[in-house]
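Q: Got a sequence here, can you model it:
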Amino acid sequence: MKILVCGRNGQVAQALQGALAGLGEVHLVGRDKLDQAQPELLREPLRQLAPDLIINAAAHTAVDQAESEPELAFAINAEAPRVLAEEAARLGVPLIHYSTDYVFDGCKSEPYNEDDTTHPLGVYGKSKLAGEQAIRAVDGEHLILRTSWVYSLYGRNFLLTMQRLLQERPQLNVVNDQIGAPTWAATIAASTRALIERWQNGQAGAWGTYHLTAQGETSWFGFAQAIGEQLKIRGMPCAELLPIPSSDYPTPAKRPLNSRLDCSRLAREWQVSQPHWHDALIDCLK
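A: Model (predicted):
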């Protein structure tokens, strides 16, 4: 099987490189060959490669930056997925695409399920929702996997930022009123492999949209505390952490206060579940 992974340097793409080993011929392709900022130019390379499965791990994920460059965000997050879905349908192959908790406004008091009304607060969330809608409109075989608070040992993310700041500063303020599930990129990659294996073995669930995050919940402050605890265990310096409300840390893009996603449908339909976020963090740091 020939698997195309769109995106090469992102956190999930890096994790997929190892997780998909042995499943087939895996091609990680970056923007030098598949520039999602120019969606219509994706068609010819896709037809030449003719993969048996397309995984879209590329995205415009700079949430605040998207507010000042909406055209680029929509090109990468909405138009490019539409083209990928059209080409996947033309080839008769499935598309796996990653989306986000930011398609919701965070006003619900309980975890969001896949059927809840979407209402993104900013350009990033709106562009990702438009990408979901474009994929569904094509009506090919697809999995849209919404995840949240992705981190890894690669790139730019909350884990790496906190590890640095906690060792550089004596005191650090962290938002404590946004609740979600920190999700290790390797968790997403391992779940993706499990989904592919079930599809290959004729045990696939229904195609469609699913939530895929680590189990459990915490705040950004709680996540920072857990990171700090691991630093202390390793005998490394750690700043004093102070909880603050989101209103004390204004950003160009407004974030949802509730980013919790109900992942029970994925477990029920595909028999794929994820570890608790704290266990995954410890595994990541090992």
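Q: For stretch 21-41, what does the pLDDT average out to?
A: Average pLDDT, stretch 21-41: 93.
Q: What's the end-to-end length of that stretch?
A: 28 Å (CA to CA, to the nearest Å).
Q: Would you indicate which residues of that stretch are buried?
A: Buried residues in stretch 21-41, counted by 16 or more other CB atoms under 10 Å: 26-29, 34-36, 39. In short, each C-beta sits where N, CA and C put it, glycine included.
Q: how about those residues, which pair is most distant?
A: Pairwise distances across those (CB to CB) peak at 23.1 Å, for the pair 26 and 39.
Q: Excluding chain neighbours, give the residue nearest to residue 255 in space.
A: Spatial nearest neighbour of residue 255, excluding adjacent residues (CB to CB, 6 or more residues apart in numbering): residue 178 at 5.7 Å.
Q: Spell out the residue ranges of the strands in the stretch 101-250 of the chain.
A: Applying DSSP state E, counting those that start in this stretch to the stretch 101-250 of the chain gives strands spanning 142-147, 150-151, 171-175, 179-180, 183-184, 208-211, 218-219, 240-244.
Q: Please work out which of those strands is packed deepest.
A: Comparing the strands of the stretch 101-250 of the chain by mean neighbour count (mean count of other CB atoms under 10 Å), strand 183-184 comes out on top with a mean of 26.
Q: these two touch, right, residue 167 and residue 232?
A: No - at 11.0 Å, residue 167 and residue 232 do not qualify as touching, with contact defined as CB atoms under 8 Å.
Q: list residues touching both of the two?
A: Common contacts of residue 167 and residue 232, defined by CB atoms under 8 Å, 6 or more residues apart in numbering, comprise residue 238.
Q: would TSV of the strands of the stretch 101-250 of the chain with mean pLDDT and distance to residue 4 be doable?
A: Formatted as TSV, the strands of the stretch 101-250 of the chain follow (pLDDT from 0 to 100; distance: least, CB to CB, whole Å):
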stretch	mean pLDDT	distance to residue 4
strand 142-147	98	14
strand 150-151	98	21
strand 171-175	96	37
strand 179-180	98	30
strand 183-184	98	23
strand 208-211	98	21
strand 218-219	98	35
strand 240-244	97	42
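Q: would you turn those strands into a markdown table with distance to residue 276?
A: Output for these, formatted as a markdown table (distance: least, CB to CB, whole Å):
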| stretch | distance to residue 276 |
| --- | --- |
| strand 142-147 | 15 |
| strand 150-151 | 15 |
| strand 171-175 | 21 |
| strand 179-180 | 14 |
| strand 183-184 | 11 |
| strand 208-211 | 16 |
| strand 218-219 | 10 |
| strand 240-244 | 21 |
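Q: Could you measure from residue 143 over to residue 209?
A: In this view, residue 143 and residue 209 are 8 Å apart by CB to CB, to the nearest Å.
Q: go on, residue 222?
A: In terms of CB to CB, residue 222 sits 28 Å off from residue 209.
Q: Repeat that for residue 159.
A: For residue 159, the distance to residue 209 equals 27 Å [CB to CB].
Q: Just the ones of the buried residues of stretch 21-41 in strands?
A: 26-29 (DSSP state E).
Q: Pipe those residues into CSV and attach distance to residue 284 per row.
A: Below are these laid out as CSV (distance: CB to CB, whole Å):
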residue, distance to residue 284
26, 22
27, 26
28, 21
29, 26
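Q: Now for residue 253: which residues touch it?
A: 63-64, 66-67, 121-124.
Q: now residue 182
A: Residue 182 touches 148-149, 151, 158-159, 214, 218, 223, 277, 280-281, counting by CB under 8 Å, 6+ apart.
Q: Just the pLDDT at it, thanks.
A: With respect to pLDDT, residue 182 has a value of 98.
Q: repeat for residue 139
A: 89.
Q: Repeat that for residue 103.
A: So, for residue 103, pLDDT stands at 98.
Q: Adjust the sequence numbering to begin at 216 for everything that follows.
A: Understood, numbering begins at 216; the last thing we discussed is residue 318.
Q: returning to what we had before: of the contacts of residue 397, closest to residue 262?
A: Comparing those against residue 262 with CB to CB places residue 363 closest, at 33.8 Å.
Q: Report how many residues lie close to the residue nearest to that closest one when sequence neighbours are not counted.
A: Of all residues not flanking residue 363 in the chain, residue 316 sits nearest, at 4.0 Å (CB to CB, 6+ apart). Residue 316 is flanked by 26 other residues according to other CB atoms under 10 Å.
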